[in-house]
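Student: here you go, sequence then predicted model.
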Amino acid sequence: MTDEPILPPLLRHPQYLISAHNADQWPPDHGAEVAFAGRSNVGKSSAINAITNRRGLARTSKTPGRTQQIVFFRLDGDRRLVDLPGYGYAKVPESLRQHWGQMIERFLRTRLSLRGLILLMDIRHPVTVLDRQMLQWTESADLTVHVLLTKSDKLSRSKAQQSLRDVTIQLGGFSNPISVQLFSSVTRTDCSTAREVLVQWLTCTERKMPRT
Ligand SMILES: Nc1nc2c(ncn2[C@@H]2O[C@H](COP(=O)(O)OP(=O)(O)O)[C@@H](O)[C@H]2O)c(=O)[nH]1
Ligand SMILES: [Mg+2]
């Protein structure tokens, strides 16, 4: 379903905050954050722009591997969206890939303001090995996940629905809460559902941290 951009007030005034290469550049860990993750070129930046209805907020690119930093956007005083570096881009040197793996894992495990992860998967190639690795990190961090099966405009309605059912079953084995929806930044399919999830998470007062 394509919807009119009726934006919840919380999503109306997003502002670019900082691109962090190292953890000491992360904004103070207060308030509430939701992070976006997924393979390089899956459409994370496009999704952030569609969800906030801001064309140029997050930089999109036809060239994979462009966002190599953790990018923070402020929504209001203490609430933020976070664009994590895309994974799975073959041309990134091994050392940088390891740096990013460690950085993302640390972010997911230790960030107190993190309320949940929006994980994007290309509906035509969902649940890759690296997506599973990501989901295992969220499982051990006891983090809630909402999956956007994006680029759903590339499939027929019935194929997209079939993929939604398949992926929901495939992700059923994880112990942390995982929900799945169809998404398209081009047709804005179910953008309103993604917005509702964001607002609900960002309104939660605290994160339940794993005991280990
Ligand atoms: N057809 C289609 N293309 C998309 C969609 N989302 C992103 N793209 C395209 O995919 C490419 C990568 O998008 P980008 O948002 O930069 O991906 P990121 O690397 O994950 O941030 C760009 O060429 C986008 O125009 C979508 O929902 N449908
Ligand atoms: Mg990007």
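Tutor: Thanks, I have the structure now. Ligands and ions are numbered 1, 2, ... in the order given.
Student: what separates the closest residue to ligand 2 within the chain from R54, distance-wise?
Tutor: Of all residues in the chain, the one sitting closest to ligand 2 is S45 (3.3 Å; CB to the ion). Any C-beta I mention is one placed from the backbone N, CA and C, and that applies to glycine too. S45 sits 11 Å away from R54, going by CB to CB, to the nearest Å.
Student: give me the more crowded residue out of these two.
Tutor: S45 (22 against 18; other CB atoms under 10 Å).
Student: can you tell me which residue sits nearest the middle of the chain?
Tutor: F36 (1.8 Å; CA atoms, centre = their mean).
Student: wait, that residue sits on I48?
Tutor: Yes: if you go by CB atoms under 8 Å, F36 and I48 touch, sitting 6.1 Å apart.
Student: for the residue nearest to the centre of the chain, which three-state class applies?
Tutor: strand (DSSP: H, G, I helix; E, B strand; the rest coil).
Student: say whether ligand 2 is contacted by stretch 49-60.
Tutor: No: using CB under 5 Å from the ion, stretch 49-60 stays clear of ligand 2, with a minimum separation of 6.0 Å.
Student: quick one: average pLDDT of that stretch?
Tutor: Stretch 49-60 shows a mean pLDDT of 89.
Student: start and end of that stretch, how far apart?
Tutor: 9 Å (CA to CA, to the nearest Å).
Student: how about residues contacting the worst-scoring helix or strand of the chain on mean pLDDT?
Tutor: Lowest mean confidence among the helices and strands of the chain (mean pLDDT, DSSP states H and E): helix 94-110, at a mean of 88. Contacts with helix 94-110, where a contact means CB atoms under 8 Å, 6 or more residues apart in numbering, come from 22-23, 26, 35, 37, 68, 70, 82, 84-85, 87, 92, 114, 117, 134, 137-138, 140-141, 143, 210.
Student: report the buried residues of it.
Tutor: Of the residues in helix 94-110, H99, W100, G101, M103, I104, E105, F107, L108, R109 count as buried by neighbour count, 16 or more other CB atoms under 10 Å.
Student: will you turn those residues into a markdown table that also has distance to ligand 2?
Tutor: Below are the buried residues of helix 94-110 laid out as a markdown table (distance: CB to the ion, whole Å):
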| residue | distance to ligand 2 |
| --- | --- |
| H99 | 18 |
| W100 | 13 |
| G101 | 17 |
| M103 | 16 |
| I104 | 14 |
| E105 | 19 |
| F107 | 16 |
| L108 | 18 |
| R109 | 23 |
